[in-house]
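Participant: fold the following for me, if possible:
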Amino acid sequence: MDDLLQEFIAETRETLEALSGEIVAWEAHPNDKGRLDAIFRFVHTVKGSCGFLDLPRLARLSHAAEDVLAQVRCGERVPDTALVNAVLSIVDRIGEIVEAIDSGDSLDDTGEDLLIAALAEGSDTIATAMGGLPGQRAPARSVRLNVDLLDRMMSGMSDMVLARNELSRRMREGNIDPMLEAALERLSLTVGEMRDTVTRTRMQKIDALFSALPRMVRDTAAGLGKSVTLHIEGSDVELDREMIEMMRDPLVHIVRNSIDHGIEGPADRRIGGKRENGRLLVSARQSGNQIIIEISDDGRGIDTDKLISKLVKNGGDERQLRALSERAKLDLVFEPGLSSKDEVTEISGRGVGMDVVRAAIEQIGGRVELDSNPGKGLRIAIHVPLTLSIISAIVVGAGGQRFAIPRQSIEEIVSDTAEAIRIDTIGGAQVLTLRGRRMPMLNLCSVLGIQRLKSDAPRMISIVSVPEGSYALGADTVFDTEEVVIKPASPAVMQSGVYAGQTLPDSGLPMLLLDCAGLASVAGLDFNRDGQKDFNEDEAEAVSQGIPALLFQDLDGVRRAVPLAAVDRVEQVDAVNIRFAGGRFRVTIDGRILPLAAQGEIEGRDRISVLRLKDDCNEVSYAIDEALDIITLPEEVTPAREAGPVAGVVLLDGEQVELLDMLWVFDTHADRDGMGDEVKPVCLIQGDETGWMASFVRPLLETSGYRVAFELAPGETASVVLSSDDASPDRAEAAPVVRLRRRRVASGAEDESVYRYDRAGLISALEAKTAGRR
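Facilitator: Numbering: from 1, shown residues only. Next comes the predicted model:
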């Protein structure tokens, strides 16, 4: 409200200044209709604004003056000297009250009744200027400027930035004088501050675009016999003033279409299990270098079959239309002359609208996205790029061309040769792991269809942040950081969805600004973002998120899936690192020997893809043919008839896919020493002077899950003690003792020692003694 009040004060003050001469001229020539109309419009505007801003004194004065001036305009009264004086006195009083409001001072209303009484026909009251606050007008804190002047200021500021960039580049090419470099640094700071100031002069809260929507929604819904509740979010987001004006008509058309086409009537909503009152959400948010305006409703969505049927009636090829992707089918709504309404109304049905909406948005370098959920609603997202703005950008190279990326979208830049990163390929898609953080990876050349100049050259990888998440973007090189002037590119370029505008750097070669969110969308990256919102909270059903899993082709040719939580990574292993040793296949990875599980033939392959599977204390590798994709498992799983490598079967896109049984994998193939040292039972070996137990028995104990110790650390206790039968017992050790004898046969019934080559007997005795301590 403070902003509106200040705008009202500025407008009223400006109009009073403009009318000062007109009022005096009208006093000399009361019959001048043009000047009378100007004064009438002034008091009429003041009256209307006062009602909205709750200024009753101003409203009372302006209303009285408006009534009298209306009588003069209609010829009911003659503008004699007394009437002119009364009107002039009220106009002066309006100016005094406005100045008092601006300065925060109080102003007595004594005498205002006399001013109004002086307007009456035949009144003897003499209206005089009350002179409440002579000479105390508050200094003006705002000034009105023509938008063309702001454009010229921005254009001049843009030229200054480009000149500064060129000067900086030329200085870097030669020896830099420290004094000159310091001067350039001061110039850069000053230019940066001026840039921000000039940019802010063009910015306006988007509430100026949204403020007219509540009345329009109410009137449109009432005319259609519907009840619609409007919710507005993000009114404080700022956008270029010119952009707001250019967005006004497209937004109005979309909102009216949502009410007319999307939201059903009360009877239809009751039948569909919805509340009678429809819901419409209009929101705005800033996403990197773009403003996104979303219009969502909880109506019927878009019936693509109906659109196709109408196009077929108009001569379209039904086979080609039905072969389109779902997104392309939704875009049919932008076809000229097409309407989803069967009957023509005052609002819609003539087939004129959505094509014009898209053309208008594309003209300013934006794009429109549709997300329909049949029976539940439609979301329309309007992406408005930065236009005629100066931003800090990082210039990258790909395939011999240069592109700009908004600096605020980049978290960090690393080289693909850095030790902190690892790049894996899963189902043809690359996944980057940076310091334990996983994210999808895109190759800029691949997305743009550009050939890399050197395919084996190292790449620079930018970690890009978008509202849905983060991803890695690989480029051939990173050049520098520049402040660039962004302008809209042609509609054909912007429609690709990967660019946010164009710029002309100091080199003189045009350069395109990349849209980081658009790159992710075009590449099909899935950040698990919630799609269409269901506004019917009372009837909403919980949606199962499912379990993410890795789909792979196994060595035996069967497609299987494994829970993604168990997969640490997917690696390519040379066949020479796989050996059948110790009764099972084992693989050497990262200087470690891991058990290798497989269902299929391993021999005859030069390289094998290996899943490294982990639980909280064990690691097992599993040989596969190829990792295919990351999927979400459905809730319904058909269990296997018997225990084994397959836990069950699920249905994915009409195909039966086996689930790998993780219990079988770890129970059958994990080494038994997988427990951490802090949870393993401690076996203390005593009396091993010859070292026989260290050489022969220790490997058996460790593979059986014991931690072997020859001396205990301070405060540590043993779970069991293993000693030879001829060793002297340690009276200080309270743990149970298992003794090993050299003779095969025990000396008597009371001899509890174990023959030292009886593996099963030794493990059984240790387990019995250990169990007795629990």
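Participant: use CA for all of it now, contacts and neighbours both
Facilitator: Fine.
Participant: how near is the residue nearest to residue 483 when sequence neighbours are not counted to residue 482?
Facilitator: Nearest residue to residue 483, sequence neighbours excluded (C-alpha to C-alpha, 6 or more residues apart in numbering): residue 392, at 4.3 Å. Relative to residue 482, residue 392 is positioned 6 Å away (C-alpha to C-alpha, to the nearest Å).
Participant: higher neighbour count, these two?
Facilitator: residue 482 (19 against 15; other C-alpha atoms under 10 Å).
Participant: how far away is that one from residue 406?
Facilitator: Distance from residue 482 to residue 406, by C-alpha to C-alpha: 10 Å.
Participant: same deal with residue 194?
Facilitator: Applying C-alpha to C-alpha, the value for residue 194 to residue 406 is 20 Å.
Participant: flag every buried residue along stretch 762-770.
Facilitator: 762, 765, 766, 769, 770 (16 or more other C-alpha atoms under 10 Å).
Participant: which residues of the stretch 301-450 of the chain score low on pLDDT?
Facilitator: Low-confidence segments of the stretch 301-450 of the chain (pLDDT under 70): 337-353, 365, 385-390, 426-428.
Participant: that one: strands as residue ranges?
Facilitator: Secondary structure of the stretch 301-450 of the chain (DSSP state E, counting those that start in this stretch): strands located at 367-373, 377-385, 389-398, 401-406, 410-415, 421-426, 429-434, 437-443.
Participant: residue 370 reaches residue 380, doesn't it?
Facilitator: Yes. Between residue 370 and residue 380 there is a contact at 4.8 Å, judged by C-alpha atoms under 8 Å.
Participant: start and end of stretch 611-623, how far apart?
Facilitator: Stretch 611-623 stretches 6 Å from its first residue to its last (C-alpha to C-alpha).
Participant: so for that stretch, mean pLDDT?
Facilitator: On average, the pLDDT along stretch 611-623 is 84.
Participant: swap in stretch 516-536?
Facilitator: 63.
Participant: cool, and stretch 709-718?
Facilitator: 84.
Participant: residues touching residue 742, list them.
Facilitator: By C-alpha atoms under 8 Å, 6 or more residues apart in numbering, the residues touching residue 742 are 755, 756.
Participant: do you know the pLDDT at it?
Facilitator: Looking at residue 742, the pLDDT reads 84.
Participant: with residue 498 instead?
Facilitator: For residue 498, the pLDDT comes out at 86.
Participant: residue 82 and residue 39, how far apart?
Facilitator: For residue 82, the distance to residue 39 (C-alpha to C-alpha) stands at 16 Å.
Participant: and for residue 61?
Facilitator: Distance of residue 61 to residue 39, given as C-alpha to C-alpha: 14 Å.
Participant: swap in residue 91?
Facilitator: Residue 91 sits 9 Å away from residue 39, going by C-alpha to C-alpha.
Participant: then residue 100?
Facilitator: 22 Å.
Participant: and these two? Which one has more around it.
Facilitator: Set side by side, residue 100 and residue 39 show more neighbours around residue 39, with 24 against 18, by other C-alpha under 10 Å.
Participant: hmm, back to that, wait, which of the strands of the stretch 301-450 of the chain is closest to residue 569?
Facilitator: For residue 569, the closest of those is strand 421-426, at 7.8 Å, according to C-alpha to C-alpha.
Participant: which strands border the closest one, and is each parallel or antiparallel?
Facilitator: strand 429-434 (antiparallel) (DSSP bridges).
Participant: what comes up buried for the partner strand?
Facilitator: Using 16+ other C-alpha under 10 Å as the test for burial, strand 429-434 gives 431, 432, 433, 434.
Participant: and the contacts of it?
Facilitator: 420, 421, 422, 423, 424, 425, 438, 439, 440, 441, 442, 472.
Participant: hey, what's the third one bridged with?
Facilitator: Translated: residue 422. Bridge pairing for residue 422 - DSSP bridges - gives residue 433.
Participant: tell me, how many residues neighbour it?
Facilitator: Going by other C-alpha under 10 Å, the residues that sit close to residue 422 add up to 16.
Participant: same thing with the last one?
Facilitator: Neighbour count for residue 472, taken as other C-alpha under 10 Å: 28.
Participant: what helix or strand is it on?
Facilitator: Using DSSP states H and E, residue 472 falls within strand 469-475.
Participant: from the contact counts, what lies against that strand?
Facilitator: Judged by 3 or more C-alpha pairs under 8 Å, 6 or more residues apart in numbering; DSSP states H and E, strand 469-475 is in contact with strand 389-398, strand 437-443, helix 444-448, strand 460-466.
Participant: adjacent strands (with direction) for the longest one?
Facilitator: Okay, so that is strand 389-398. Partners of strand 389-398 in the sheet, by DSSP bridges, are strand 401-406 (antiparallel), strand 477-486 (antiparallel).
Participant: what's the most buried one of these?
Facilitator: Most buried of these by mean neighbour count (mean count of other C-alpha atoms under 10 Å) is strand 401-406; its value is a mean of 21.
Participant: and the contacts of that strand?
Facilitator: Under C-alpha under 8 Å, 6+ apart, the answer for strand 401-406 is 288-289, 391-397, 511-516.
Participant: any idea how far residue 203 is from residue 364?
Facilitator: 16 Å.
Participant: neighbour count winner among the two?
Facilitator: A count of neighbours by other C-alpha under 10 Å puts residue 364 above the other of residue 203 and residue 364, at 22 against 16.
Participant: tell me the mean pLDDT for stretch 14-21?
Facilitator: Mean per-residue pLDDT for stretch 14-21: 72.
Participant: can you give me the offset of it from its chain's centre?
Facilitator: 49 Å (C-alpha atoms, centre = their mean, to the nearest Å).
Participant: how about that stretch: buried residues?
Facilitator: 16, 19.
Participant: also stretch 692-712?
Facilitator: Under 16+ other C-alpha under 10 Å, the buried positions of stretch 692-712 are 693, 697, 698, 701, 702, 705, 706, 707, 708, 709.
Participant: likewise for stretch 635-645?
Facilitator: Of all the residues in stretch 635-645, those buried under the rule 16+ other C-alpha under 10 Å are residue 645.
Participant: could you dump the strands paired with strand 389-398 to TSV with distance to residue 212?
Facilitator: Output for these, formatted as TSV (distance: least, C-alpha to C-alpha, whole Å):
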stretch	distance to residue 212
strand 401-406	33
strand 477-486	30
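Participant: confirm residue 165 sits in a helix?
Facilitator: Yes. Counting by DSSP: H, G, I helix; E, B strand; the rest coil, residue 165 is located in a helix.
Participant: that one and residue 482 touch, don't they?
Facilitator: Yes. Between residue 165 and residue 482 there is a contact at 7.4 Å, judged by C-alpha under 8 Å.
Participant: so what sits against both of these two?
Facilitator: By C-alpha under 8 Å, 6+ apart, no residue touches both residue 165 and residue 482.
Participant: list the buried ones in the least confident helix or strand in the chain by mean pLDDT?
Facilitator: Ranked by mean pLDDT, DSSP states H and E, the weakest helix or strand in the chain is helix 2-28, scoring a mean of 74. Buried residues in helix 2-28, counted by 16+ other C-alpha under 10 Å: 5, 8-13, 16, 19, 22-23, 26-27.
Participant: give me the low-pLDDT residue ranges for the stretch 501-650 of the chain?
Facilitator: In the predicted model, the stretch 501-650 of the chain carries pLDDT under 70 at residues 506-508, 526-546, 616.
Participant: the stretch 651-774 of the chain now?
Facilitator: Those would be 672-679, 729-733, 772-774, if you go by pLDDT under 70 across the stretch 651-774 of the chain.
Participant: where along it do the helices fall?
Facilitator: 662-669, 692, 698-703, 759-773 (DSSP state H, counting those that start in this stretch).
Participant: what about the helices in the stretch 1-150 of the chain?
Facilitator: Using DSSP H, counting those that start in this stretch, helices in the stretch 1-150 of the chain cover 2-28, 33-53, 56-73, 81-103, 112-117, 147-172.
Participant: could I get those as CSV with distance to residue 727?
Facilitator: CSV is the format used below for these (distance: least, C-alpha to C-alpha, whole Å):
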stretch, distance to residue 727
helix 2-28, 94
helix 33-53, 101
helix 56-73, 108
helix 81-103, 102
helix 112-117, 118
helix 147-172, 82
